[in-house]
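> quick one, fold the following:
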Amino acid sequence: MNPVEFIRDHAPFHLLPEEAMSRVERGLEITFYPDGSKVLERSGPKSQHLYLIRKGGVRLERDGQPILHLEEGEAFGYPSLLSQDAPAFDVVAEEDLLVYRWPREVFQKLLEYSAFAEFFTRGLAERLRLATRAEGLGMVNLDLALPVGELITRPPVFVPRPSTIGEAAQVMRSHQISSVLVEGEPLGILTDRDLRNRVLAAGKGPETPLVEIMSTPVKTLPASTPLFEALSFMVSQGIHHLPLEQDGKIIGLVTDTVFMRQQTKSPLYLLRRLERTRNPSDLAGYGTELTGVAESLLSGGLGASEIGRSVSSLNDQLIRILLRLGEDRLGPPPSAYSWIVFGSEGRMEQALLTDQDNALIYEVDSPEAAAYFEQLAQLVVEGLIQAGFPPCPGGYMAINWCKPISEWEQLFQSWIEVPKPQELLEAQIFFDFRAVHGQLSLEPLERVLASSADRGIFLAQLARASLQFRPPIGFFRQIKEDDGGVDIKKGGIAPIVSLARVYALEARSQARATLERLQAAARENKLSQDGAETLMEAFGFLMRLRLREQLASLGRNEAPGNKVLLERLSPLERRHLKEAFLQVREMQEAMSNRFHTDRLG
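This is a model prediction of the structure:
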């Protein structure tokens, strides 16, 4: 391959028009550096060239510590060119190095081409955001950012509040619709499902007053709500009809059938399937169908966080159904209780089925309650296994974590007031807990968590525990000698989740989702706005990359994992991956310094 062909194949030169390539060719210099030599020196002379590695590799060092490794096809030297400052790192040849380079004057002329210039001048957060957005283009089955009001096909139909069931049913038949809205305050709704379940099945007649059967108050959304938010709302609320508002008035109503016509693998289709469950054995194949939903949402251009919310909402409904089946079998619970999930499910960041992370909390500490809830936990955990959720290898399931709230409160207090490093390594995922079902208030646990903001030793120990996973520095070179795969979860996703957890607790935030935690930390000045945005975009990029590779593995009948093969990534994706890892590593170092984790015993 001649130099120009090689240059044209690598970012950002691939963004230049043909006329600019002649300038690239005329200004090209070819230079050799022996192994171990310094190409640029930290705090030394300003960079006078833009460099592109043709053969070999370099490492960026700070105080003798490697920060980042660059390989064939990657550029360096431009931060100093742009800022007119000394280089921020030593750039050291790791082996005999052949580079293509261009003087400052040529680089400045090439910056006249906006696409080329933006590669160097955009921050990592913006580049990751654009890369993720571009990936969805050309794959869209349905524009999920479209306002849900665009699906309205007819005006809403109302019936007077004093109507009978028979009169309302006649209106539905005459208009050939599956629901009517009921006038008055608060607004009501009657659906064909209500007629089946609350009228016919209950043996009621057509003269039954409408107000005895209708659902009220009605759950509504603004017509401007994006489709994906409307989908998530309907799944989380377990509803099939959604009235839409505009300027304080109901302008129409959409149903789950509209979504399912637009998208065959809709979350609402799977919700309907769940609602037909009468026995845990009916759940066979749930995992496969859930994978289809995730794949459909990904191809529809949705971000990983939105997909996680939709999938987690479906899993919540599954748990509620299993709990109701359990109560039907065991009888009414002897005490108020709450079923909680934690880990990725607690943060609503689960896209495919993973190990179970759940627990059960009940109010009254009695032998009767203990016996009942142990049986209920067993039934639900077994039902989840039948649905495709594997048991947790660490045993973090309700069959092992079924306790009265008094014990849970003591447990949380012990973790926070007397933090022990080894315990926190395991306990930190419990701080992501989220109630899925039950009447028991978990405010006592929220209060204990809120108190952690005043416990400096606890935050420091939690910060140290969060550093158990570190993004690999020289991972490309090492991985090429290994199996060619980089663990996206250990290298990036888990560290960002841990960073967000620590900073959110320090900010007294009750948020659970990683992105919401980062936003809360930035609002309370526990984290810089730029730092939060970079972590948020890196998180979205890594989550989407992992989901894409997991779905591809399933398509090849391979077990999905957390590793991404470098050979399946584009050169630009590999560069983004390196930079995302570098930023996470830098943020970890900043947190370690902030909480003085090196001083802990």
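> run through the stretch 251-400 of the chain and note the low-pLDDT ranges.
Residues of the stretch 251-400 of the chain meeting the criterion pLDDT under 70: 257-266, 300-301.
> next: the stretch 401-550 of the chain.
Checking the stretch 401-550 of the chain against pLDDT under 70 turns up 473-484.
> could you pull out the strands in the stretch 351-500 of the chain for me?
Taking DSSP state E, counting those that start in this stretch as the test, the strands found in the stretch 351-500 of the chain are 358-362, 402-404, 434-438, 485-487.
> which one of those strands lies closest to I53?
With Cβ to Cβ, the closest approach to I53 among the strands of the stretch 351-500 of the chain belongs to strand 485-487: 19.6 Å. (Glycine included, C-beta is placed from N, CA and C.)
> M591 - that's part of a helix, no?
Yes - applying DSSP: H, G, I helix; E, B strand; the rest coil, one finds M591 inside a helix.
> sorry, back to before: mean neighbour count added to the strands of the stretch 351-500 of the chain, as CSV?
Shown next, in CSV, are the strands of the stretch 351-500 of the chain (neighbours: other Cβ atoms under 10 Å):
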stretch, mean neighbour count
strand 358-362, 25
strand 402-404, 21
strand 434-438, 18
strand 485-487, 20
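> of all the ones you listed, which one is nearest T191?
If you check each of the strands of the stretch 351-500 of the chain against T191 by Cβ to Cβ, strand 434-438 wins as the nearest, at 23.0 Å.
> hmm, back to that, figure out which of the strands of the stretch 351-500 of the chain is closest to S178.
Taking Cβ to Cβ, strand 434-438 is the member of the strands of the stretch 351-500 of the chain nearest to S178, at 27.5 Å.
> strands paired with that closest one, and their directions?
Sheet pairing here is set by DSSP bridges, and for strand 434-438 it gives strand 337-341 (antiparallel).
> other SSEs contacting the helix or strand just after the partner strand?
Next in sequence after strand 337-341, counting helices and strands by DSSP states H and E, comes helix 343-346. Counting contacts by 3 or more Cβ pairs under 8 Å, 6 or more residues apart in numbering; DSSP states H and E, helix 343-346 packs against helix 304-330.
> what's the angle from the helix it packs on to strand 337-341?
Angle of helix 304-330 versus strand 337-341, following axes from the mean of the first three to the mean of the last three Cα atoms, to 10 degrees, is 140 degrees.
> what's helix 304-330 packed up against?
Packing partners of helix 304-330 (3+ Cβ pairs under 8 Å, 6+ apart): helix 227-237, helix 267-275, helix 286-299, strand 337-341, helix 343-346, helix 367-387, strand 434-438, helix 529-555.
> now the angle from it to helix 286-299?
Helix 304-330 and helix 286-299 meet at an angle of 160 degrees, taking the same axes, to 10 degrees as the criterion.
> ok, and for helix 304-330, which residues are buried?
Buried residues in helix 304-330, defined by neighbour count with 16 or more other Cβ atoms under 10 Å: 304-323, 325-326.
> contacts only, for the closest residue to A494 other than its chain neighbours.
Nearest non-adjacent residue to A494, counting by Cβ to Cβ, 6 or more residues apart in numbering: F469, 4.5 Å away. For F469, the contacting residues are 490-491, 494-495, 498, by Cβ atoms under 8 Å, 6 or more residues apart in numbering.
> in CSV, list the helices and strands packed on helix 304-330 along with distance to E118.
Formatted as CSV, these follow (distance: least, Cβ to Cβ, whole Å):
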stretch, distance to E118
helix 227-237, 28
helix 267-275, 36
helix 286-299, 26
strand 337-341, 41
helix 343-346, 34
helix 367-387, 46
strand 434-438, 39
helix 529-555, 16
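> out of those, flag the one nearest P160.
Closest to P160 of the helices and strands packed on helix 304-330, according to Cβ to Cβ: helix 227-237, at 26.2 Å.
> can you give me the buried ones in that closest one?
By 16+ other Cβ under 10 Å, the buried positions in helix 227-237 come out as 227-236.
> just stretch 461-471 next, same as before
Counting neighbours by 16+ other Cβ under 10 Å, stretch 461-471 gives 461-467, 469, 471 as buried.
> can you map out the helices along the stretch 351-500 of the chain?
Taking DSSP state H, counting those that start in this stretch as the criterion, the stretch 351-500 of the chain contains helices spanning 367-387, 405-417, 421-427, 443-451, 456-466, 475-481, 488, 494-506.
> thought E94 was touching K55?
No - contact criterion Cβ atoms under 8 Å: E94 and K55 do not qualify, at 11.6 Å.
> between these two, which one's more packed in?
More crowded of E94 and K55, by other Cβ atoms under 10 Å: E94, with 17 against 13.
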